[in-house]
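1. A predicted structure for the sequence below; I have some questions about it.
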Amino acid sequence: MSRERSMASGSTGSTGSDDLLAGLRVLELGSFIAAPSAGRLLADFGADVVKVERPGTGDELRRWRLHEGDTSLLFRVMNRNKRSVTLDLRTDEGRELCLDLIRSCDVVLENFRPGTLERWGLGPEEIRRVNPRAVLVRISGYGQSGPYRDRPGFGGVAEALGGLRHLTGYPDRAPTRVGISIADQIAGLYAVIGALMALHRRDRDGRGETVDVALYEGIYSLMESLVPDYDAFGVERGRTGSALPGVVPSNTYRCADGKYAVISGNGDAIYRRLMRLVGRPDLAEDPALADNAGRVARADELDEAIGTWTATLPCSDVLRALEQAAVPGGPIYTASDILDDPHYRARGMHERHPVAVASGDKAEVVFPGVVPRFEDRPGTTRWLGPDLGEHTDDVLDSLGVGAARRERLRAQGVL
């Protein structure tokens, strides 16, 4: 086995030969959520993902949210199935070791501000020099070009610039945010899609590619007809609370026990079944309400009819009746609800792994399962996000960096 191949495949035996992405080598230079979410998805399906972190501190995500010791459960989730290597990319030796890693990689992931890799001597030209076949995937707030290129950009800002925040919340209150890092994770999905497209092209012509993903553009791409509706008809959408504008009835309704049910009765036939269920056959048969356009004009009336019915029953009875009538509906789940749900368990979405949670003691904790599912070769969680630098010695040893040199590099702060 050559030194380059040995570096990437490692000696852990963690990737099965029949995994969907077995043999794919990925170097992750990112931090926080965006690039790491892309690396996680590739690692879940067998890619060997080596994550480079700063010596001493590592990825800041290690100390976000709840954690015991130096590593949060959020980091364990976002960086499962990866190998962690500490390397100071700002040093000459750190840069050279990084280029040695890149020589045998198929994909390089990064989410620094534009120009950072170039300042470190690790930009596209240097990557192409050592590995012309490498696919470089770059995630940033505003992309690698344009007047906003050099602005710092995090996911929350991208949600605002991309149009999402303007639509989130109620019209009489300040815009709200979704309670997760949605812009970063959407960018991560696009990064994986772009990487796989570029690898497909490389199989044809042998050339690498640079994939440029901007956080705000990932959000904007999901905004449906927000801009076309405005440009064509002058309609400026705004915040509408729990309702979906232009799609009726589709809303959240309070039940007798104080819980809420989400009901989507906006298909024409579904609408008629829903109106009969709530005791309003007159609305079911009203020709003016036969299609969505007519229902949009009377959205308040329809929401009142549905809400009057749900207010008489506990949420469980509402959902049971909706299921029997073949009307889409569901509860609003908390974390405890998700843990108790049998469908999550049946689909393998609950995985138990030992992890330190208190004073170093380990407990079996539920972590999210792997998505998407495959019939023959599903992805697996082989290990949770690793401790800082857990695999440094193994990876550098495969590069021919002996123990004495590693000790010297650690003393110098390079590792």
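-> Arrived safely, thanks for sending.
2. So which bits of stretch 271-279 are buried?
-> Within stretch 271-279, the residues that qualify as buried are 271-275, 277-278, counting by 16 or more other Cβ atoms under 10 Å. For the C-beta atoms, the positions are set from N, CA and C on the backbone; glycine is no exception.
3. Quick one: the residues you listed as a markdown table, columns for secondary structure and pLDDT too.
-> Converted to a markdown table, these look like this (DSSP: H, G, I helix; E, B strand; the rest coil; pLDDT from 0 to 100):
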| residue | secondary structure | pLDDT |
| --- | --- | --- |
| Tyr271 | helix | 98 |
| Arg272 | helix | 98 |
| Arg273 | helix | 98 |
| Leu274 | helix | 98 |
| Met275 | helix | 98 |
| Leu277 | helix | 98 |
| Val278 | coil | 98 |
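4. Can you add distance to Pro114 and give the residues you listed back as JSON lines?
-> Output for those, formatted as JSON lines (distance: Cβ to Cβ, whole Å):
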{"residue": "Tyr271", "distance to Pro114": "49"}
{"residue": "Arg272", "distance to Pro114": "54"}
{"residue": "Arg273", "distance to Pro114": "53"}
{"residue": "Leu274", "distance to Pro114": "50"}
{"residue": "Met275", "distance to Pro114": "54"}
{"residue": "Leu277", "distance to Pro114": "54"}
{"residue": "Val278", "distance to Pro114": "54"}
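5. just these now: which is nearest Gly143?
-> Tyr271 (42.1 Å; Cβ to Cβ).
6. ok, the closest one - contacts?
-> The contact partners of Tyr271, by Cβ atoms under 8 Å, 6 or more residues apart in numbering, come to 249, 265, 284, 289, 295.
7. Let me know the closest of the buried residues of stretch 271-279 to Glu301.
-> Closest to Glu301, out of all of those and judged by Cβ to Cβ, is Met275, at 11.1 Å.
8. so the closest one touches Leu283, yeah?
-> Yes - judged on Cβ atoms under 8 Å, Met275 makes contact with Leu283 at a distance of 4.5 Å.
9. Can you list the low-confidence ranges for the stretch 301-415 of the chain?
-> Applying pLDDT under 70 to the stretch 301-415 of the chain flags the ranges 359-360.
10. in it, which spans are helices?
-> 315-324, 335-340, 342-346, 392-398, 403-411 (DSSP state H, counting those that start in this stretch).
11. closest to Asp48 out of the ones you listed?
-> Among those, the nearest to Asp48 by Cβ to Cβ is helix 392-398 (9.9 Å).
12. which parts of that closest one are buried?
-> So helix 392-398, judged by 16+ other Cβ under 10 Å, has buried residues 392, 395-398.
13. how about these in JSON lines, adding distance to Ala22?
-> Formatted as JSON lines, those follow (distance: Cβ to Cβ, whole Å):
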{"residue": "Thr392", "distance to Ala22": "23"}
{"residue": "Val395", "distance to Ala22": "18"}
{"residue": "Leu396", "distance to Ala22": "23"}
{"residue": "Asp397", "distance to Ala22": "22"}
{"residue": "Ser398", "distance to Ala22": "18"}
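14. Quick check: the farthest pair among the residues you listed?
-> Longest span within the buried residues of helix 392-398, Cβ to Cβ: Thr392 and Ser398, 11.2 Å.
15. Where does pLDDT dip in the protein?
-> Along the chain, the parts satisfying pLDDT under 70 run over 1-17, 68, 359-360.
16. What are the boundaries of the strands in it?
-> 25-28, 48-53, 67-68, 71-72, 82-86, 107-110, 135-140, 209-214, 250-254, 260-264, 329-331, 350-358, 361-368 (DSSP state E).
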